[in-house]
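Participant: Sequence and predicted structure are below.
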Amino acid sequence: MFKNILIIKHGALGDLIQITGPLKSIRTKYPNSKITLLTDKKFIFFTKNIIFVNEIIYESRSSPLRIDLWIVSLLKIISRNYDLIIDLQNSDRTSIYYFFTKIFNFKLIWSGNRHGGKFKYSFSEENKLPIKDRIINQLKLIDIDSSDKPEIDWMIKNNVNEFPSNDFIILLPGSSPKHKHKRWPAENFAEIAIILKEKNIDTVILGQSSSEGEEIKKIKSLSPATIDYSNKDLSFLATMASKAIGAIANDTGPTFIVAAVGCPVTWLLSSHTNPKITQLVGSKVNTLKKEDIREISVEEVKNNLALRH
């Protein structure tokens, strides 16, 4: 029915990981259609390898005052003459895209919560649901049955040979630089790493020194036996997670990758994350949440570790 489809989802990283399942479902429904993803260029390190789309249009989520950048994206959308646009972002920006695109392409079918969209649905009730469930419900309106399971097995590589000799647990001590209040203290990560080493379980740090270098350095200084695999790409993370017996992680995009490949996760949260809305989909997730993430004790983490059996 639809030959030329645009899907809009800007981010964040965790959200983009969660839509890989829906992207696969859309591809299954329309195997011969051209499918394009419109997303934020800062996530190119992940989206460039997504196998379910034919093309990716990148834009910058710049200041609302940068009207010129908005116009560039809008012209790209209009010029490609899409049959169907699936707006999974449902933002003020995409409402502007909807308004102007419909002027030039009145036959366009728009799926989203924009007024006048053929497959419009209301956010009044949907906002109470987990993000993944909102997407599933939205796709049902265009006759697409979708799973909430992320589809990122394509990220796992066969040429990685850097696995520790012992059972190992991944440590993800970072978060967005804008949300450092979501970071469990580095000294606590180091302390749990020492406890695990006494049980002959290795720990591996994964993250980027550019954004969480201070935490990585502190963990290594307090727990020298912890293996530092910082600055590796996301495929390396996915591959390591596919073999790890567990992970201890903050609320950060890479955590969604770890969970998606079936690695059990001990998820550490502050009051800034609602796990009922931002759900982590995986084989096993133990969630520990306090008003202030620093209130989560090492003892609590030790007693609530999510591990493979």
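Facilitator: Received the coordinates, thanks.

Participant: where along the stretch 101-250 of the chain do the helices fall?
Facilitator: Here the stretch 101-250 of the chain has its helices, by DSSP state H, counting those that start in this stretch, at 123-126, 131-140, 186-198, 209-222, 234-243.

Participant: ok, now which ones touch K232?
Facilitator: L206 (Cβ atoms under 8 Å, 6 or more residues apart in numbering). To be clear about C-beta, it is placed using only N, CA and C from the backbone, and glycine gets the same treatment.

Participant: distance of it from I170?
Facilitator: In this view, K232 and I170 are 11 Å apart by Cβ to Cβ, to the nearest Å.

Participant: circling back to that earlier point, for the helices of the stretch 101-250 of the chain, which one sits closest to K302?
Facilitator: Nearest to K302 among the helices of the stretch 101-250 of the chain is helix 186-198 (6.0 Å), distances taken as Cβ to Cβ.

Participant: starting at the chain centroid, how far to the closest one?
Facilitator: Here the centre of helix 186-198 is set off from its chain's centre by 26 Å, with Cα atoms, centre = their mean, to the nearest Å.

Participant: would you turn the helices of the stretch 101-250 of the chain into JSON lines with distance to G262, mean neighbour count and mean pLDDT?
Facilitator: Shown next, in JSON lines, are the helices of the stretch 101-250 of the chain (distance: least, Cβ to Cβ, whole Å; neighbours: other Cβ atoms under 10 Å; pLDDT from 0 to 100):
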{"stretch": "helix 123-126", "distance to G262": "28", "mean neighbour count": "12", "mean pLDDT": "59"}
{"stretch": "helix 131-140", "distance to G262": "17", "mean neighbour count": "19", "mean pLDDT": "89"}
{"stretch": "helix 186-198", "distance to G262": "20", "mean neighbour count": "20", "mean pLDDT": "98"}
{"stretch": "helix 209-222", "distance to G262": "24", "mean neighbour count": "18", "mean pLDDT": "94"}
{"stretch": "helix 234-243", "distance to G262": "7", "mean neighbour count": "21", "mean pLDDT": "95"}
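
Participant: Any chance of TSV for those, columns distance to F106?
Facilitator: Converted to TSV, the helices of the stretch 101-250 of the chain look like this (distance: least, Cβ to Cβ, whole Å):
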stretch	distance to F106
helix 123-126	25
helix 131-140	22
helix 186-198	56
helix 209-222	45
helix 234-243	40
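
Participant: Which stretch among the ones you listed approaches I86 most closely?
Facilitator: helix 131-140 (7.5 Å).

Participant: for the closest one, the distance to its chain's centre please.
Facilitator: The answer for helix 131-140 is 16 Å, by Cα atoms, centre = their mean.

Participant: list the helices and strands that helix packs on?
Facilitator: Helix 131-140 makes packing contacts with helix 13-18, helix 20-29, helix 123-126 when contacts are defined by 3 or more Cβ pairs under 8 Å, 6 or more residues apart in numbering; DSSP states H and E.

Participant: low-confidence ranges in the stretch 51-200 of the chain?
Facilitator: Scanning the stretch 51-200 of the chain for pLDDT under 70 picks out 61-65, 114-127.

Participant: can you map out the strands along it?
Facilitator: Along the stretch 51-200 of the chain, counting by DSSP state E, counting those that start in this stretch, strands occupy 55-59, 84-87, 109-111, 168-172.

Participant: Parallel or antiparallel, which strands does the third one pair with?
Facilitator: Spelled out, that is strand 109-111. Sheet pairing of strand 109-111 (DSSP bridges) gives strand 84-87 (parallel).

Participant: quick one: buried residues of the strand it pairs with?
Facilitator: Applying a neighbour-count criterion of 16 or more other Cβ atoms under 10 Å, one finds 84-87 buried in strand 84-87.

Participant: can you give me the offset of that strand from its chain's centre?
Facilitator: 20 Å.

Participant: just stretch 160-172 next, same as before
Facilitator: With Cα atoms, centre = their mean, you get 22 Å for stretch 160-172.
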